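Asker: I'd like to go over a predicted model; first the sequence, then the structure.
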Amino acid sequence: LPSLSLSPLYLDCLVSFAVCGDTMDTVREIVERLNQAPFEKAFTLIGFDAISPEQLISVLNDIFVEIAPDHDIDTRTELPEDRVMRMMSLLRVLRFKPSIPAADFASGLLEGQSEVIYPIMHWALSRLVDLKKRAYLANFLMTIEVPAEMMQNEEVVQTREEYLNLIEAFKEIHKEVESLRSSGFSVAEVKNDIQSMEREKEQIQKRLARMKQRYEGSNDVKLMLEATNKMRKEEEREVQLQDQRHSQTEQLSQAEDRLQRTMQLLRETRASTITGGPEAVLKNLEDEVSMRRFISENKLKETIEEKTSVIRESKRILSDGAMTQTDLNALYQQMQDLTRSMNEAMEQRVKANSDGDDKLPMFKQQAAIIASKKAAAAEKLQDLEDELAKVEKMYHSKAKLAEAKGPRILKDDELKRYVAKVRTKGTAYKEKKAKMTQMLNENITLAETVKILEKKEAEKKHVLEKLEAQKGVSGVTYAQNKLEDVSATKSEIDTRKGAALDDISKMVTELNTNITSKRAVLAPLIAALRELRVESQGIKNEYEDKKGAYDSQSSSLQASKSRLESQVVALREEVTIEESRYHYLQNMFKKANLQLARAQREMKLYLGQVEGKSLRDVITKKIQEQERLGKQLRERQKGVQESHETSMKQLEMWRDLEVLMRAKVKARDMESKNEYLPVGLEEEDRLVL
C-alpha cells in the first residue's frame with residue numbers, strides 16, 4: 001500500500017483481525033447459535049473472535065454440558081490433561097471425526113486453538129438434538145471391556161451376560177417408547193381431556209349445589225346421603241368384583257389350557273404304553289442307540305477324514321511355491337488322463353457284467369444305494385438336531401427377553417381381536433368340554449360293562465373248570481386256547497414271510513428288467529460318447545493353440561496399458577498440483593483484497609470521512625487507561641517508600657514487645673511452680689512503651 005502512510009504496527013493489527021470467507025461464515029453461524037436458547041451468550045462477531053483460549057474452552061465446555069449434563073465441571077480448576085481426556089472421550093462417544101492427526105488434535109484442544117475448537121463447536125451446534133439423544137443412550141448402551149483373564153471367573157461371566165441382557169432389554173423398551181412418542185400421542189390431547197374433565201367437574205359441582213338448595217329444608221337429607229353413599233360403595237364394589245371375575249376367568253382359562261395339555265400328554269403316554277409297552281420303549285431306545293453308534297462310527301469318522309484331508313491339502317499348497325502356467329497345464333493333463341482311464345474301466349466293467357449272469361454286482365449296487373440312503377438319513381438327522389438346538393436356544397433367549405420386558409400392554413384393536421379370539425375359543429372349549437364329558441361318561445359306562453363281562457367270563461370259566469374236573473379232563477379249554485393262539489400267530493408269520501419273499505422276488509425281477517432296458521438305452525449313447533471324445537480332443541487342441549496366441553497378445557496389450565496408466569497418473573498428479581496452486585493463489589488474492597478493504601475503511605475512519613470508531617481510537621484509549629493506571633501505581637509506590645522507615649521501627653518495637661511478653665509469661669509460670677529467680681532479677685515488672 002504505497003499510497004497510504006500507515007505504521008507497521010497498525011498494519012499488523014489489521015492483518016490479525018482478517019478472517020477468510022469460509023471461517024467467517026462458520027464463526028458467524030456459531031455466534032448466532034450461541035446467542036439463541038439455551039445458551040443466551042450475547043456474543044458479537046468481533047468479540048467472540050477476540051476471546052482468550054481459556055474462555056473459548058469454557059464456551060466449548062458449556063456446549064458439552066448441554067449435550068451431557070455430567071460434564072458440568074469448572075474448567076478453571078480442572079487439570080488440562082484431565083480436561084482433554086474428558087472432552088476427547090465424549091467426542092469419541094459422539095463419533096466426531098477430526099480432519100487432522102490425533103496428536104495435533106489433542107494438543108490444539110489442550111492449548112485452546114481456534115482452528116481445532118471452531119469445527120467442534122460448529123459440528124456440535126448443528127446436531128445438538130441428535131447428540132443429546134446419543135449421549136443419553138451412551139450411558140446405557142456402552143459395553144464394558146473385561147480382560148480375558150477375568151472372564152475365567154464364572155461370576156464375572158454371569159454378571160456380564162446379565163449386563164448384556166439388560167442392554168438388550170433397554171433397547172427394546174427404548175424402541176417401544178419411541179414408537180409411542182411417534183404414534184400420535186400429543187400433549188394437546190391430554191390438555192383437552194383435562195379441560196373437559198374440569199368442565200364436567202364444574203357441572204357436577206353446580207348440580208350438587210342445586211341439589212343441596214332443593215333438599216336443604218328436608219328431614220330425610222341424611223338418610224338420602226347415607227343411601228347414595230352406600231350405593232356408590234356398592235357400585236365401586238361391583239366394579240372390583242367384575243375385575244376380580246375377569247382375572248379369575250383368565251386364570252381359569254389358563255388352568256384349563258394347562259389341564260388340556262396335561263391330559264393330552266397323559267393320553268399320549270397311555271397310548272404308547274398300551275400299544276407298545278416296555279418292549280416298544282426298549283425297541284425305540286435300541287434303534288436310537290444304533291443310530292447314534294452309526295453316526296459316531298461312520299459319519300463322524302468320514303467327516304473327520306474329509307476335514308483332515310482338506311487341511312493336509314491346504315498345508316501342502318501353502319508349503320509349495322507359486323504355481324506357474326506350466327504346472328497348471330501338467331495338472332490339467334493328469335486330470336484328463338485319470339478321467340479317460342476311469343471311463344475305460346467303467347466301460348470294461350459294464351461289458352463284463354453284460355456277458356455273464358452274475359448277480360453280485362446287482363447286490364453290490366443295491367448295498368451301495370442302501371448305504372448312501374442311510375448316510376443321507378444320518379446327515380439329515382444331524383441337520384435336524386442342529387436346527388432343533390438352534391431353535392431351542394432362540395426360544396430360551398426370547399423367553400429371557402420376555403421375562404425381562406414383562407407383560408406387553410395390548411392396544412385397542414389388539415385387545416378387541418384378543419377378546420374376539422377368546423370368545424371363539426371359549427365357545428369351542430365349551431363344545432369340546434361337553435363332548436369330552438359325554439365321551440367320559442360313555443367311557444365310564446363301557447368300563448363298567450367290561451368289568452361286568454369280565455366278571456361273568458370269570459364265573460363261566462370257573463363253572464367250566466368244575467365241569468372239566470367232574471369229567472376228568474381238566475385243562476382242555478386252556479390248551480385249546482393256547483393252540484388257537486399259536487396257530488393264529490404261525491399263520492400270520494407265514495403270511496408275512498410269503499409277502500416278504502414275493503416282494504423280494506418282485507424287486508429282483510424289476511431290477512433285472514431295469515438293468516436290461518438301461519443297457520439297451522446306454523449302448524448307442526456309449527458309441528456316441530466315443531465319437532464326441534475324439535471331437536472334444538480336436539477342439540481342445542485348437543483351443544490350446546488359440547489360447548497361446550491370446551496370451552501373447554494379452555501380454556503385449558497389458559504392457560502398453562501399464563505404460564499409458566503410468567503416464568495418466570503422472571499427468572493427474574501434475575493437474576492436481578496446478579489446481580492446488582491455483583486455489584492457493586486465489587485464496588491469497590482474496591485475503592489481500594480483504595486486507596486492503598479493511599485498511600481503506602480504517603483510513604476513512606481516521607480522516608473522518610465515515611462515521612464510526614476506528615481501531616486507532618480504541619488503541620489510543622487503551623494506552624491512556626494504562627498510563628493512568630501506571631501513574632496511580634507510581635504514587636502508591638512513593639507513599640510506601642516514604643512510610644517504610646516508620647513502619648520498620650514500629651515492626652521492631654512490636655518484636656521487642658513480643659520478647660518481653662514471652663519473658664513475663666515464663667516468669668509467671670516459674671513463680672506458679674515455686675521457683676525463684678536469681679536475686680539480680682527480682683525487680684518490679686515494668687512495661688514501658
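Answerer: Thanks, I have the structure now.

Asker: the longest helix along the chain - contacts with which helices or strands?
Answerer: Looking across the chain with DSSP state H, the single longest helix is helix 476-607. Contact here means 3 or more Cβ pairs under 8 Å, 6 or more residues apart in numbering; DSSP states H and E; on that basis helix 476-607 packs against helix 8-16, helix 325-355, helix 360-405, helix 412-471, helix 615-642. For the C-beta atoms, the positions are set from N, CA and C on the backbone; glycine is no exception.

Asker: what's the fourth one packed up against?
Answerer: Pointing back at helix 412-471 there. Applying 3+ Cβ pairs under 8 Å, 6+ apart, we find helix 412-471 packed against helix 221-275, helix 476-607.

Asker: save those as CSV, and put in distance to Ile317, mean neighbour count and mean pLDDT too.
Answerer: Below are these laid out as CSV (distance: least, Cβ to Cβ, whole Å; neighbours: other Cβ atoms under 10 Å; pLDDT from 0 to 100):
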stretch, distance to Ile317, mean neighbour count, mean pLDDT
helix 221-275, 55, 11, 80
helix 476-607, 24, 11, 80
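
Asker: mind giving me JSON lines with those helices and columns for distance to Val450?
Answerer: Formatted as JSON lines, those follow (distance: least, Cβ to Cβ, whole Å):
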{"stretch": "helix 221-275", "distance to Val450": "14"}
{"stretch": "helix 476-607", "distance to Val450": "19"}
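
Asker: closest to Glu66 out of those?
Answerer: helix 476-607 (33.6 Å; Cβ to Cβ).

Asker: and the closest one, how far out from the chain's middle?
Answerer: 33 Å (Cα atoms, centre = their mean, to the nearest Å).

Asker: that older thread, Met653: which of the helices and strands packed on helix 412-471 is closest?
Answerer: helix 476-607 (61.1 Å).

Asker: okay, Val31 and Thr620: tell me how far apart.
Answerer: 28 Å (Cβ to Cβ, to the nearest Å).

Asker: ok, those two, which is more surrounded?
Answerer: The neighbour comparison of Val31 against Thr620 (other Cβ atoms under 10 Å) goes to Val31, with 20 against 11.

Asker: hang on, the earlier thing: of the helices and strands packed on helix 412-471, which is nearest Arg134?
Answerer: Where those are weighed against each other on Cβ to Cβ, the nearest is helix 476-607, at 35.2 Å.

Asker: ok and the closest one relative to helix 615-642, angle-wise?
Answerer: On the basis of axes from the mean of the first three to the mean of the last three Cα atoms, to 10 degrees, helix 476-607 is oriented at 90 degrees to helix 615-642.

Asker: tell me the angle helix 476-607 makes with helix 325-355.
Answerer: 160 degrees.

Asker: returning to that earlier point: so for Asp82, which of the helices and strands packed on helix 412-471 sits nearest?
Answerer: helix 476-607 (38.1 Å).

Asker: one step back: which one of the helices and strands packed on helix 412-471 lies nearest to Ala389?
Answerer: Going by Cβ to Cβ, the one of the helices and strands packed on helix 412-471 nearest Ala389 is helix 221-275, 22.8 Å.

Asker: name the residue closest to the centre of this protein, please.
Answerer: Glu168 (6.7 Å; Cα atoms, centre = their mean).

Asker: as CSV, the helices and strands packed on helix 476-607 with mean pLDDT and distance to Ile493 would be great.
Answerer: Shown next, in CSV, are those (pLDDT from 0 to 100; distance: least, Cβ to Cβ, whole Å):
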stretch, mean pLDDT, distance to Ile493
helix 8-16, 39, 114
helix 325-355, 74, 37
helix 360-405, 71, 25
helix 412-471, 79, 29
helix 615-642, 87, 122
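
Asker: reformat those as TSV; add distance to Tyr582.
Answerer: Converted to TSV, the helices and strands packed on helix 476-607 look like this (distance: least, Cβ to Cβ, whole Å):
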stretch	distance to Tyr582
helix 8-16	23
helix 325-355	49
helix 360-405	60
helix 412-471	65
helix 615-642	33
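
Asker: how many neighbours does Ile63 have?
Answerer: By other Cβ under 10 Å, neighbour count at Ile63 equals 20.

Asker: sec struct for it, please.
Answerer: The three-state assignment at Ile63 reads helix, by DSSP: H, G, I helix; E, B strand; the rest coil.

Asker: so how far is Tyr118 from it?
Answerer: Ile63 is 12 Å from Tyr118, by Cβ to Cβ.

Asker: next one: Glu645
Answerer: Glu645 is 57 Å from Tyr118, by Cβ to Cβ.

Asker: same check on Phe43?
Answerer: Distance from Phe43 to Tyr118, by Cβ to Cβ: 13 Å.

Asker: with Ser643 instead?
Answerer: 53 Å.

Asker: also Arg616?
Answerer: From Arg616 over to Tyr118 the distance is 29 Å, taken as Cβ to Cβ.

Asker: how about Leu511?
Answerer: 88 Å.

Asker: kindly report the same for Asp220.
Answerer: From Asp220 to Tyr118 the distance is 83 Å (Cβ to Cβ).

Asker: and the pLDDT at Ala667?
Answerer: For Ala667, the pLDDT comes out at 91.

Asker: spell out which helix or strand contains it, please.
Answerer: In this structure, Ala667 is located in helix 644-672 according to DSSP states H and E.

Asker: mind listing what's buried in that helix?
Answerer: Neighbour counts over helix 644-672 (16 or more other Cβ atoms under 10 Å) mark no residue as buried.

Asker: do stretch 90-102 as well
Answerer: Per 16+ other Cβ under 10 Å, stretch 90-102 contains these buried residues: Leu90, Leu91, Val93, Leu94, Phe96, Pro98.

Asker: and those residues as a markdown table, adding distance to Ile577?
Answerer: Below are the buried residues of stretch 90-102 laid out as a markdown table (distance: Cβ to Cβ, whole Å):
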| residue | distance to Ile577 |
| --- | --- |
| Leu90 | 39 |
| Leu91 | 34 |
| Val93 | 39 |
| Leu94 | 36 |
| Phe96 | 31 |
| Pro98 | 26 |
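
Asker: which of these lies closest to Arg636?
Answerer: Leu90 (47.5 Å).

Asker: list the buried ones in whatever helix or strand that closest one lives in?
Answerer: Per DSSP H and E, Leu90 falls inside helix 80-93. For helix 80-93, burial by neighbour count (16+ other Cβ under 10 Å) applies to Arg83, Val84, Arg86, Met87, Met88, Leu90, Leu91, Val93.

Asker: then stretch 33-48?
Answerer: Quick answer for stretch 33-48 (16+ other Cβ under 10 Å): Arg33, Leu34, Phe39, Phe43, Phe48.

Asker: next, the distance between the ends of it.
Answerer: 12 Å (Cα to Cα, to the nearest Å).

Asker: quick one: average confidence on that stretch?
Answerer: On average, stretch 33-48 scores 81.

Asker: same question, stretch 646-662
Answerer: Mean predicted confidence for stretch 646-662 is 91.

Asker: figure out how far that stretch is from the centre of its chain.
Answerer: 78 Å.

Asker: now swap in stretch 166-179 and tell me
Answerer: Counting by Cα atoms, centre = their mean, stretch 166-179 comes out at 11 Å from the chain centroid.

Asker: what about it, average pLDDT?
Answerer: pLDDT averaged over stretch 166-179 gives 82.

Asker: which parts of that stretch are buried?
Answerer: So for stretch 166-179, counting by 16+ other Cβ under 10 Å, buried means Ala169.
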